[in-house]
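Asks: Next come a sequence and a model predicted from it.
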Amino acid sequence: MRRFMPVAMLLAIVLAACGDDAEQSKSGSVGTILYSITPGLLADAGLILPYTQQLAYIGPNSSEPTLLWSVSSGALPNGLSLTGAAGSGQISGTPTVVGNFPFEISLTFGTFVHTQAFSIVVLNNAPLVITTFSLPGGSTVSPYAENLYATGGSGIGYTWSVSIGTLPPGLTLDGKNNSLTWGAFSFSGNLDQSLGGGRLSEVSGMVASRSQPGVFWVHDDSGAAPEFYAIDAQGNVLQSYQLSTTAQDWEDIALGPGPGGVDYIYIGDVGDNAINRTNCRIHRVAEPTVPSAPGSIVTAAHDTYFFVYPGGSQNCETMLVDWETGTPYLVEKVGSAPRVHKFPMPLSATWTSGSPVTLAQVTASGTFDGTLTAGDASLDARRVVLRGYGTAREYARPAGGTFDDIFSQAGTAFAITGGQQYEAICYSADGSELFTCTEIAAQASAPIYVASAATDSGATTISGTPLTPGTYNFTVQVRDSAGNAATRAFTIVVQ
């Protein structure tokens, strides 16, 4: 279920004056030698399902039969093991634990060492698969309509595309690039108020962990300490964390990919009711592993990125991350025509308070509800949900479009819980549920509500009337709401 990872290193050897083997590196080059373990992105695994991932190494000593493969940092998912010799390796076994497992693989021969970072996500469901194996031929004089079917993964929000090749001219694939159908919201629990000091009484951001099922990250609004919390769906506090910084007006929290193949928490200190701030910033924190029982508050290391808007200051309460590129987006709070901005990538440590980066404005010609207080992007980078105090709307990425294009869609409105000061909403890790929570706002409690999406039928259609005889080879891809992907090659012969 991957949306964004570093691009695999170049598969080449540039022959030059080679010295001895006393070379060390991390996924890069030594002198004029380029090398890589491929693929750089490893396939997701299914819980209690056989898993095999072939690896290839091209670079110095790739033909040495005693080249040693090992996991030098982190750990493979429980149940998987690494074997390898010379330029070929393999990760195989049967995973027994759900989660995201970052690790490093090292190749060693004598004094030569090459190390590269990877991660494997183990999913608590069957892998996504296209269950149609072949398609019949067609004729230039007859309409054509054939269904394709998929199953597995999250079972929610399948989107389809032709990833390699082209369909016969005159035929089209229904991409199913739609907003989801959401059921009614029901009570999930109340945010724990036992921490005291007003903690969790003014929650303004919520996001679901991808690698730790059932964990959600939340934070308080302006005036609170620079703290964030891991909670469960019932509002129980699992662990408290703090940053060594100040919190002027934390307004939203997001999760997304970052360096090293791990997930990062993004916290937006971006609120600006007076519209005069010159020190807006976001913080990035490597997602902590939540302990089995709450302990004392943990100080989490973080990076901070200062920014300014190209059109002057504005008030923002919504932040989300594109899971394909890792790009953070900010959506203005004002109603009817909010401005949308994104960070240039990659994020840079040079964006300090004295040298903030200027964000890029994104065309946002879509339909938007009221004043926007929260948002989130699904892990497949296909959908965005935005909510205000009493309204909500989901937007789907158009077929062949970019993530930016989402903000120029009409979206689909759906009924949302209101009545208090709701400033947080997020998808569940697999995109099958929406969670929303509120500030207490002079009420007795701060409830969390959840809604479920309708299960996908698993079907799409290739239809039309073929125009040109010939043999057409192409590959179809399906993705689900959790970012899982599956492909299958097809051939259509047109007479």
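Replies: Okay, I see it. Residues are numbered from 1 along each chain as shown.

Asks: and the helix or strand harbouring V122, which strands flank it?
Replies: Assessed by DSSP states H and E, V122 sits inside strand 112-123. Paired with strand 112-123 in the same sheet, following DSSP bridges, are strand 24-26 (parallel), strand 45-46 (parallel), strand 99-109 (antiparallel).

Asks: Residues in contact with the second one: which ones?
Replies: Counting by C-beta atoms under 8 Å, 6 or more residues apart in numbering, strand 45-46 makes contact with 51, 77, 80, 95, 120-123, 125-127, all of which sit outside it. No exception for glycine: its C-beta is placed from N, CA and C like everyone else's.

Asks: which of those has the weakest pLDDT?
Replies: pLDDT is lowest at N125 among these; the value there is 65.

Asks: ok so, going back, just the CA atoms of the strand holding V122, as PDB, please.
Replies: What follows is strand 112-123, C-alpha atoms only, in PDB (Å, rounded to 0.1, in the frame of the first residue of the first chain):
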ATOM      1  CA  PHE A 112      33.300  -3.600   0.600                       C
ATOM      2  CA  VAL A 113      29.900  -2.600   2.100                       C
ATOM      3  CA  HIS A 114      26.800  -1.400   0.400                       C
ATOM      4  CA  THR A 115      23.700  -0.500   2.500                       C
ATOM      5  CA  GLN A 116      20.300   0.400   1.400                       C
ATOM      6  CA  ALA A 117      17.000   1.300   3.200                       C
ATOM      7  CA  PHE A 118      13.700  -0.500   2.600                       C
ATOM      8  CA  SER A 119      10.400  -1.200   4.200                       C
ATOM      9  CA  ILE A 120       7.700  -3.800   4.000                       C
ATOM     10  CA  VAL A 121       4.000  -3.200   5.000                       C
ATOM     11  CA  VAL A 122       2.100  -6.200   6.200                       C
ATOM     12  CA  LEU A 123      -1.600  -5.800   5.600                       C
END
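
Asks: gap between that strand and the chain center?
Replies: How far strand 112-123 lies from its chain's middle: 19 Å, per C-alpha atoms, centre = their mean, to the nearest Å.

Asks: and if you look at stretch 472-490?
Replies: On C-alpha atoms, centre = their mean, the centre of stretch 472-490 falls 18 Å from the chain's centre.

Asks: What segments of the stretch 351-495 of the chain are strands?
Replies: 357-358, 360-362, 372-377, 383-388, 392-396, 412-413, 422-427, 433-438, 447-452, 459-464, 470-479, 485-494 (DSSP state E, counting those that start in this stretch).

Asks: With respect to T172, which of those lies nearest?
Replies: strand 459-464 (5.4 Å; C-beta to C-beta).

Asks: can you pull the buried residues of the closest one?
Replies: 460, 462, 464 (16 or more other C-beta atoms under 10 Å).

Asks: Dump these into JSON lines; add pLDDT and distance to E202 as well.
Replies: Shown next, in JSON lines, are the buried residues of strand 459-464 (pLDDT from 0 to 100; distance: C-beta to C-beta, whole Å):
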{"residue": "T460", "pLDDT": "97", "distance to E202": "44"}
{"residue": "I462", "pLDDT": "98", "distance to E202": "51"}
{"residue": "G464", "pLDDT": "98", "distance to E202": "54"}
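
Asks: possible to save those as TSV with distance to A364?
Replies: Listed next are these as TSV, based on distance: C-beta to C-beta, whole Å:
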residue	distance to A364
T460	29
I462	33
G464	33
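
Asks: Just give the closest residue to G99, not the sequence neighbours.
Replies: Distance criterion C-beta to C-beta, 6 or more residues apart in numbering; nearest residue to G99, sequence neighbours excluded, is S211 at 5.0 Å.

Asks: ok, now how distant is the one you found from V290?
Replies: In this view, S211 and V290 are 10 Å apart by C-beta to C-beta, to the nearest Å.

Asks: Equivalent analysis for G155, please.
Replies: G155 is 26 Å from V290, by C-beta to C-beta.

Asks: the more surrounded of these two?
Replies: Ranked by neighbour count (other C-beta atoms under 10 Å), G155 and V290 place G155 first, with 22 against 19.

Asks: ok, the more buried one - contacts?
Replies: Neighbours of G155 in contact, by C-beta under 8 Å, 6+ apart: 125, 432, 455-456, 458, 480.

Asks: what does T412 give?
Replies: Per C-beta under 8 Å, 6+ apart, neighbours of T412: 178-179, 393-396.

Asks: These: which two are farthest apart?
Replies: N178 and R393 (13.5 Å).

Asks: And those two? Which one has more around it.
Replies: R393 (24 against 15).

Asks: of all the strands of the stretch 351-495 of the chain, which lies closest to S88?
Replies: strand 485-494 (23.5 Å).

Asks: quick one: average confidence on the closest one?
Replies: Mean predicted lDDT for strand 485-494 stands at 96.

Asks: List of residues touching it?
Replies: Contacts for strand 485-494 (C-beta under 8 Å, 6+ apart): 127-130, 132-140, 150, 152-153, 163-164, 167-168, 171, 462, 466, 468-479.

Asks: Buried subset of those residues as a PyMOL selection?
Replies: A single PyMOL command selects the buried members of these (16+ other C-beta under 10 Å):
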select buried, resi 127+128+130+132+135+138+150+152+153+167+168+171+462+466+472+474+476+478+479
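
Asks: Helices along the stretch 201-350 of the chain, start to end?
Replies: Counting by DSSP state H, counting those that start in this stretch, the stretch 201-350 of the chain forms no helices at all.

Asks: got it, and the stretch 51-200 of the chain?
Replies: Under DSSP H, counting those that start in this stretch, the stretch 51-200 of the chain gives no helices.

Asks: does I462 really touch T172, like I thought?
Replies: Yes - the pair I462 / T172 is scored as a contact, 7.2 Å apart, by C-beta atoms under 8 Å.

Asks: Geometrically speaking, which residue is the centre of this structure?
Replies: W323 (3.3 Å; C-alpha atoms, centre = their mean).

Asks: Am I right that that residue is in contact with D380?
Replies: Yes - taking C-beta under 8 Å as the definition, W323 is a contact partner of D380 at 7.2 Å.

Asks: show me the residues around R210 that make contact.
Replies: R210 touches 1, 100, 121, 255, 263, 379, 429, counting by C-beta under 8 Å, 6+ apart.

Asks: Determine the three-state secondary structure at A43.
Replies: coil (DSSP: H, G, I helix; E, B strand; the rest coil).

Asks: any idea how far P169 is from the residue nearest to P143 when sequence neighbours are not counted?
Replies: Spatial nearest neighbour of P143, chain neighbours left out: T465 (5.2 Å); criterion: C-beta to C-beta, 6+ apart. T465 sits 10 Å away from P169, going by C-beta to C-beta.

Asks: Neighbours of P169, how many?
Replies: P169 has 14 nearby residues by other C-beta under 10 Å.

Asks: dump the residue contacts of it.
Replies: Contacts of P169 by C-beta under 8 Å, 6+ apart are 466-468.
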